[in-house]
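**Q** Let me see the structure of the following:
(4 chains)
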Protein chains: 4
Amino acid sequence: MTLHTLPAIELLLQFREVRLRTVQICRPLRPEDTVVQPIVDVSPPKWHLGHTTWFWEQFFLKDYLPGYQPFHPGYAFLFNSYYEGAGPRWQRAQRGNLTRPDLEEIYAYRAFVDSQMEKCLAENELNERARTILTLGLQHEEQHQELLFYDIKYILAHNPLFPAYREDRPDFPAVAGRSAGWLTVEAGIYPIGFEGEGFHFDNEEGRHRVFLEAFQVQDRLVTNGEYLAFIESGGYGDFRWWLQEGWASVNQNQVDSPLYWHFIDGQWHNATLHGLEPLRMEDPVAHVSYYEADAFARWKGMRLPTEFEWEVAARQYAAELPAQANFMESGAYRPLPAGAQNQLFGDLWEWTSSAYLPYPYFTAEEGLIGEYNGKFMVNQMVLRGGSCATPKGHIRPTYRNFFHPHLRWLFSGIRLAQYR
Amino acid sequence: MTLHTLPAIELLLQFREVRLRTVQICRPLRPEDTVVQPIVDVSPPKWHLGHTTWFWEQFFLKDYLPGYQPFHPGYAFLFNSYYEGAGPRWQRAQRGNLTRPDLEEIYAYRAFVDSQMEKCLAENELNERARTILTLGLQHEEQHQELLFYDIKYILAHNPLFPAYREDRPDFPAVAGRSAGWLTVEAGIYPIGFEGEGFHFDNEEGRHRVFLEAFQVQDRLVTNGEYLAFIESGGYGDFRWWLQEGWASVNQNQVDSPLYWHFIDGQWHNATLHGLEPLRMEDPVAHVSYYEADAFARWKGMRLPTEFEWEVAARQYAAELPAQANFMESGAYRPLPAGAQNQLFGDLWEWTSSAYLPYPYFTAEEGLIGEYNGKFMVNQMVLRGGSCATPKGHIRPTYRNFFHPHLRWLFSGIRLAQYR
Amino acid sequence: MTLHTLPAIELLLQFREVRLRTVQICRPLRPEDTVVQPIVDVSPPKWHLGHTTWFWEQFFLKDYLPGYQPFHPGYAFLFNSYYEGAGPRWQRAQRGNLTRPDLEEIYAYRAFVDSQMEKCLAENELNERARTILTLGLQHEEQHQELLFYDIKYILAHNPLFPAYREDRPDFPAVAGRSAGWLTVEAGIYPIGFEGEGFHFDNEEGRHRVFLEAFQVQDRLVTNGEYLAFIESGGYGDFRWWLQEGWASVNQNQVDSPLYWHFIDGQWHNATLHGLEPLRMEDPVAHVSYYEADAFARWKGMRLPTEFEWEVAARQYAAELPAQANFMESGAYRPLPAGAQNQLFGDLWEWTSSAYLPYPYFTAEEGLIGEYNGKFMVNQMVLRGGSCATPKGHIRPTYRNFFHPHLRWLFSGIRLAQYR
Amino acid sequence: MTLHTLPAIELLLQFREVRLRTVQICRPLRPEDTVVQPIVDVSPPKWHLGHTTWFWEQFFLKDYLPGYQPFHPGYAFLFNSYYEGAGPRWQRAQRGNLTRPDLEEIYAYRAFVDSQMEKCLAENELNERARTILTLGLQHEEQHQELLFYDIKYILAHNPLFPAYREDRPDFPAVAGRSAGWLTVEAGIYPIGFEGEGFHFDNEEGRHRVFLEAFQVQDRLVTNGEYLAFIESGGYGDFRWWLQEGWASVNQNQVDSPLYWHFIDGQWHNATLHGLEPLRMEDPVAHVSYYEADAFARWKGMRLPTEFEWEVAARQYAAELPAQANFMESGAYRPLPAGAQNQLFGDLWEWTSSAYLPYPYFTAEEGLIGEYNGKFMVNQMVLRGGSCATPKGHIRPTYRNFFHPHLRWLFSGIRLAQYR
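**A** Next up, the predicted model:
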């Protein structure tokens, strides 16, 4: 990952802020909402709250707070996610069957671990390794903050009563009806991967050169209205647009529109975090699988960009952006004004046509940390850019998100590309 | 079912009592406990609370309270269990993914329906049909009270933390270490099925004669200690004792002891409603499947009784019992003193060797009510007697309970039989 | 089972006859037809040929031919069906993936075992036990002869080219268009189960008395035409006629007609052993599940008989039949003239409403033989009467066939019953 | 794909040769061997024979032989593999349940189509498009020749009797015990993809530049002996070496060695096309999944090459090879002498670390041909080099083979790489 050089007090403030935000995200939920796992990809919000707390015990307190005793002897088994090196764990697909510890007990768990962390951060001189782990832990918890939005949305929008998570904010800003233009990049050799100061994940390392042919990407995301035209043209019923596994997937699961779209009484609706509402045609289309994104692009006679093209385009056309962004504020989320930054950052994660593979020289670290990213580098596709649910610190041109191509519960969208 | 002749005020009091008891059973739970469905056979307690309320709307208020409007237009879809005639319904296996309506909303639903029922019962002269339905509704809700105990126990005992449902009562009384004796019945023709006054289900009707050879049943249930001897003799690994589907089932699911037994640090434990405790050897063995009961009996060189043998033996040896029983009191359960009544009623449902089939002349009623029992008469085995979680009004010699032979989450036990 | 008293030469002739018939049944097949297992219930014909040969090695030659060495050390593993006591075995569901031994090798296996059996039967004085096993082996092989017809029909009729097994015989005789009449039995106590001389299976033993109310059964089977009326009335789409598990089964598997019926170009066809042909309306409806038989009966306002009713009616109305029947001759099958015997024997196995359970005093024998019948006594329904593919020696009033209620590939039909 | 310029007589001779070879590959099989499909990835040899024949009817005769009538109206349904544009088709997973047309009928089908092709090729002046399709058809049939070896090996080696396909040839040549050396490639920009004359697939097109860091690949494949050291070090039980999906896959399927390895009586054996034999330590390890190849490389502290590295290394170190190779002769296979060509071509397909994705500018063709390659470009990994079962014309530096990462029934092996 990376060496972190912030002073201790700054780290403590960051710690408090991140930990608080996780709780704030869960605040609008009722206890019942925090328990369930309607699909295996979703984790119960209660589990996220516990897991992100266990992470501090396992990765930090054990090593840096002398004599630390875990809050509860059974929690490591319950809240270890996928770290083989951290011992046995409760089966992932059964997370939604655990009613205890209940929400209140988990908040008590959080409070205890927070207090121990405070003590540790206040009283100890942290060495570099400790600072690195601390930073990683904050990034980790922020990743779960984003996952919380995915999972909360699924839990609520999957319910036939369509309850709202909150009432007061739009999911996405409208792109004001303008036609898409093109951002053009010349052929050439470009550097790829993280370089410089600041936190980044190991999977971004391995700065290397790639040769790119001249290409263009659109200056905004595909809209609901554009995607609806694909549906209305019979796109879900025409094998020509689909990868074979995508075609099998939509047929087997009877998919005929993005996740959360419902055709009710002759009109398309969208189940959002604010409840069910008529489909907003100028919002970017969201919750599509890679298969759907790829099929839509082929139907348009275009394609998805590679992750390398995306990174180069983002550097060229939105380089100044991340510093200005203001994504998740007090537990809610507020997307950027559309248009200004070509929707490259912070609207929706954009499916690229690149498989998630290691960069040159990539080697996973030794020990538990090494399980963080590297072992997932097969069968997944890279997404770039960040969504409106992405914490600000995760918005950068080199950030590589990755998901299996059939998944739709993430905040995913489509940007079109073509060769010039 | 049967004509009911209680006066209206008595019915109202019964209604209040039954409705209250359902809530009392759920009181010790936290909201989180009421949501989940760890196996398809379990329903979330929250769902039971809603379903038993919907039942009154669907089967009673619609017909007997003029102008009745359902509390919420979406609830019939959510809370219909299996009544094809009552319209579409939420998939059973997905009940555990519904976080809304939450527990509080369901209590509001209950309060509303209760008030409507009160109004209806107070203001109307109920005709015979209405009284019959009212009685059926009470019986129905009591059946769900028993299921609530099964489901609550599974939800809690399935959790690796083994939380307790309540602290203050034993599961079962000890049978005081006495050896089993025999209750003998002579060969002859015996009447089977319900006759006389009082509520009973349609599946008990069809009073008819059966010829029985002389037989004996034991005067108590098989104990944990006796069952442990079966385990320690290698019973789960010896195909000779098992029905072929039972053998496949225990092997496939790696079953090697009754549900809720755990071998920890060299000692057998039992996960009970009071938490994990060392196995009590003189308690009746509980939570065994039909396959296990049948295999145990074969290993002993005996057999299970037929439901007809059971009914005749119960009439002969425990005829006076049900009137004295006091099974579920204020939401808890208190089994009978052992020995006195040969444990025939109110300890555990006893697997019989009879398949659940219609009695002669059985015909399901027309309409929704007809879906209550008849359509389940295949692939299930009859249990008799009632468990410590069974409401008093369901304890009678003719009551036919039925479950699939592989199930273990019910409060089931074993009584041995043999020909003389 | 039973003591057998035929002289040795007679047994040898029977042995030759039965062994030859098995081969004759397979003669019309091509090698390719003998390998596959399109559903788990079907076994490859090649496997039947091997299994029935292994049976003689395992159950007879090992014990009665001193020094007998199995033909091939690997065949016991391949051809043991379900005898836990006979050691490990190839997984049932994988039988259709074994191309070797090929058909020719299996015929060589048969020839070798036949010669050893001849030697054993010619040279040894067989004791009673040996004669009993020999007779059981012949009955066993005849049961597989019937299964061969089921499996061959499935393999061929499942093929979209509908190849014929043979050209020259009708599946079933027509019942000449006559209306159904009633065979009436008075109320009373009747004996059930086998008594007297002659072979019978252990599951027929336990002669006992049952009390039956007065009832009637129809004097012929339900016809295709009658069943078509059920279809055309929307019977498959109306839950009221169906057991809950039957309703789930037909919906899940999209069943809307008996197995082998095809609606092609506006007309119903039937895939038979003679290829695809237009549906013959007066033939008895075949290849229905218990669920379908039960639903049809309920739609008619009638019911299926119990196995006890069937046995009593058969004794009363067709007692003289079995001696005259001539069912499987030289490997083909020739059903009885319709009408004469009320189609009680040798047309189709008739679903009864009785679950397959042990008779009183039933105990499985010790050892391998004990696995023959007893361990299947759960979750199956009894059929009575015998089909046009049933060997003559299996036609008797007490014979109990049994299958799971969802199965349709057997030669099953429907007889209606009602109380008087 | 590509323009083909051979004269017609040469094409006719090629056609005869390729068609004959397919039959020669199947000759050693018994009819029974040609029917089954033990895993979904395997197709029955009989089906390959039919499918490669249907391909000529569908893609060539329909268009280029005026008035051509298909041999049988039902065969298109049976033998279409995955061409959505060619109409409905028999379900892939059910291919092994079709006993008809039997082998003889399929040979008749082949003979008919061959005669029609001869007629067409002899009598018509083929235009360029026809020649292109003809060449593609030959390449297609050769691909199935290779698949036939995979499938035949699986069918026979999966049988517990381990029958041999043929007796007279070794699977692989020994690599003579020499240590592995390194083939070094300097950093730089290299061209990737097909250029020039000669047949190639569309997925090889899109000649483009890539920048590669300096790297090395070993000069031979990993041997059985080397892989055994991985096993004996506990490699299958140590999560650190495995991708997460690989770890799940080997645990779920209880994989602990390459496919076809068997540990019998204290010694490792290998089930080959010549029957079961003791493991030959110096043969290249075969039948490993991508997960196993990747884990082995990680355990060695190395990695797999990318497909780009592989192509550049192959051009540099084995450029002259393909012209000399003589891979499949008269239906058998004869690998190259080891060492001389660094085993780059014709021993085993070598897993690369590259996902199967389109090259720049790739666009699938219109129509049926467009379904050949492009729609599989997700979730698969690229293999390079060719195996001992690969027809000569498929051996070239740019050929991209691709399979899902969990598969092992293909002839796959491992070459190690590292950065310098």
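**Q** Helix, strand, or coil at A:Lys153?
**A** Following DSSP: H, G, I helix; E, B strand; the rest coil, we place A:Lys153 in the helix state.
**Q** Next, count neighbours for it.
**A** 24 (other CB atoms under 10 Å in any protein chain shown). C-beta here means a position set from N, CA and C on the backbone, and glycine is covered the same way.
**Q** Enumerate every residue touching it.
**A** A:Tyr165, A:Tyr260, A:Thr272, A:Leu273, A:Trp409 (CB atoms under 8 Å, 6 or more residues apart in numbering or on different chains).
**Q** ok, A:Tyr317 touching A:Leu183?
**A** Yes. Contact criterion CB atoms under 8 Å: A:Tyr317 and A:Leu183 qualify, at 5.0 Å.
**Q** okay, these two: which has more neighbours?
**A** A:Leu183 (19 against 16).
**Q** Make sure that one is indeed in a helix.
**A** No. Using three-state DSSP, the assignment for A:Leu183 is strand, not a helix.
**Q** what's across from it in the sheet?
**A** A:Val217 (DSSP bridges).
**Q** related to what we said a few turns ago, list the residues that contact both of A:Tyr317 and A:Leu183?
**A** Jointly contacting A:Tyr317 and A:Leu183 under the rule CB under 8 Å, 6+ apart are A:Asp219, A:Asn342.
**Q** give me the low-pLDDT residue ranges for chain A?
**A** Residues of chain A meeting the criterion pLDDT under 70: A:1-6, A:169-177, A:319-340.
**Q** could you pull out the helices for it?
**A** Taking DSSP state H to define them, one finds helices in chain A at A:8-26, A:45-56, A:62-64, A:75-79, A:103-123, A:128-157, A:224-232, A:244-252, A:290-299, A:307-317, A:321-324.
**Q** ok and the longest one relative to helix A:45-56, angle-wise?
**A** Computed with axes from the mean of the first three to the mean of the last three CA atoms, to 10 degrees, the direction of helix A:128-157 lies at 180 degrees from that of helix A:45-56.
**Q** Can you give me the buried ones in helix A:128-157?
**A** A:130-157 (16 or more other CB atoms under 10 Å in any protein chain shown).
**Q** and if you look at the shortest one?
**A** Neighbour counts using 16+ other CB under 10 Å place A:Tyr64 of helix A:62-64 among the buried residues.
**Q** Contacts for it next, please.
**A** Contact with helix A:62-64 is made by A:Tyr68, A:Cys120, A:Asn124, A:Leu126, A:Ala130, A:Ile133, as judged by CB under 8 Å, 6+ apart.
**Q** try it again with 10 Å
**A** For helix A:62-64, the surrounding residues in contact (CB atoms under 10 Å, 6 or more residues apart in numbering or on different chains) are A:56, A:68-70, A:117, A:120-121, A:124, A:126-127, A:129-130, A:133-134.
**Q** Tabulate the residues you listed in a markdown table, adding columns for distance to B:Leu228.
**A** Below are the contacts of helix A:62-64 laid out as a markdown table (distance: CB to CB, whole Å):
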| residue | distance to B:Leu228 |
| --- | --- |
| A:Trp56 | 44 |
| A:Tyr68 | 41 |
| A:Gln69 | 37 |
| A:Pro70 | 35 |
| A:Met117 | 47 |
| A:Cys120 | 49 |
| A:Leu121 | 53 |
| A:Asn124 | 53 |
| A:Leu126 | 55 |
| A:Asn127 | 55 |
| A:Arg129 | 52 |
| A:Ala130 | 52 |
| A:Ile133 | 49 |
| A:Leu134 | 52 |
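**Q** would TSV of these with distance to chain C be doable?
**A** Below are these laid out as TSV (distance: CB to the nearest CB, whole Å):
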residue	distance to chain C
A:Trp56	47
A:Tyr68	51
A:Gln69	50
A:Pro70	45
A:Met117	52
A:Cys120	56
A:Leu121	57
A:Asn124	60
A:Leu126	58
A:Asn127	57
A:Arg129	52
A:Ala130	54
A:Ile133	49
A:Leu134	53
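**Q** Just the buried subset of those residues, written out for ChimeraX, thanks.
**A** Entered in ChimeraX, the line below selects the buried ones among these, by 16+ other CB under 10 Å:
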select /A:56,68,70,117,120,121,126,130,133,134
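**Q** for the nearest residue to A:Phe112 once chain neighbours are set aside, what are its contacts?
**A** Leaving out its chain neighbours, the residue that sits closest to A:Phe112 by CB to CB, 6 or more residues apart in numbering or on different chains is A:Phe71, at 5.0 Å. A:Phe71 makes contact with A:53-54, A:57, A:61, A:101, A:105, A:108-113, A:116, according to CB under 10 Å, 6+ apart.
**Q** quick one on the thing from earlier: closest to C:Pro28 among the contacts of helix A:62-64?
**A** A:Pro70 (72.4 Å; CB to CB).
**Q** pretty sure the closest one is touching A:Leu61, no?
**A** Yes. With contacts counted by CB atoms under 10 Å, A:Pro70 reaches A:Leu61, the gap being 8.2 Å.
**Q** Mind listing the shared neighbours of the two?
**A** A:Val113.
**Q** quick one, phi/psi of whichever residue of the stretch 201-350 of chain A sits closest to chain C?
**A** When distances are taken as CB to the nearest CB, the stretch 201-350 of chain A reaches nearest to chain C at A:Gln254, 14.4 Å away. As for A:Gln254, its main-chain torsions (degrees, to the nearest 10) stand at phi 50, psi 50.
**Q** residues touching it, list them.
**A** A:Tyr236.
**Q** re the thing from before, quick one: the helices of chain A as TSV, columns for distance to C:Val217 too.
**A** TSV is the format used below for those (distance: least, CB to CB, whole Å):
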stretch	distance to C:Val217
helix A:8-26	66
helix A:45-56	60
helix A:62-64	77
helix A:75-79	61
helix A:103-123	63
helix A:128-157	56
helix A:224-232	58
helix A:244-252	46
helix A:290-299	58
helix A:307-317	74
helix A:321-324	83
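**Q** Out of those, flag the one nearest B:Glu17.
**A** helix A:103-123 (32.0 Å).
**Q** Check the contacts of A:Lys153 and tell me the two furthest apart.
**A** A:Tyr165 and A:Trp409 (14.4 Å).
**Q** Against chain B, how distant is the residue of the stretch 201-350 of chain A found nearest chain D?
**A** Closest residue of the stretch 201-350 of chain A to chain D, CB to the nearest CB: A:Phe239 (3.8 Å). Note on A:Phe239: its distance to chain B, by CB to the nearest CB, to the nearest Å, is 29 Å.
**Q** I figured that residue hits D:Glu84, correct?
**A** Yes. Between A:Phe239 and D:Glu84 there is a contact at 3.8 Å, judged by CB under 10 Å.
**Q** Pull up the overlap in contacts between the two.
**A** A:Trp247, D:Glu371, D:Lys375.
**Q** could you list every residue that touches the first one?
**A** So that's A:Trp247. A:Trp247 neighbours (CB under 10 Å, 6+ apart): A:Tyr236, A:Asp238, A:Phe239, A:Arg240, A:Trp241, A:Tyr291, A:Ala295, D:Tyr82, D:Glu84, D:Lys375.
**Q** repeat that with 8 Å
**A** So A:Trp247 contacts A:Phe239, A:Tyr291, D:Glu84, D:Lys375 (CB under 8 Å, 6+ apart).
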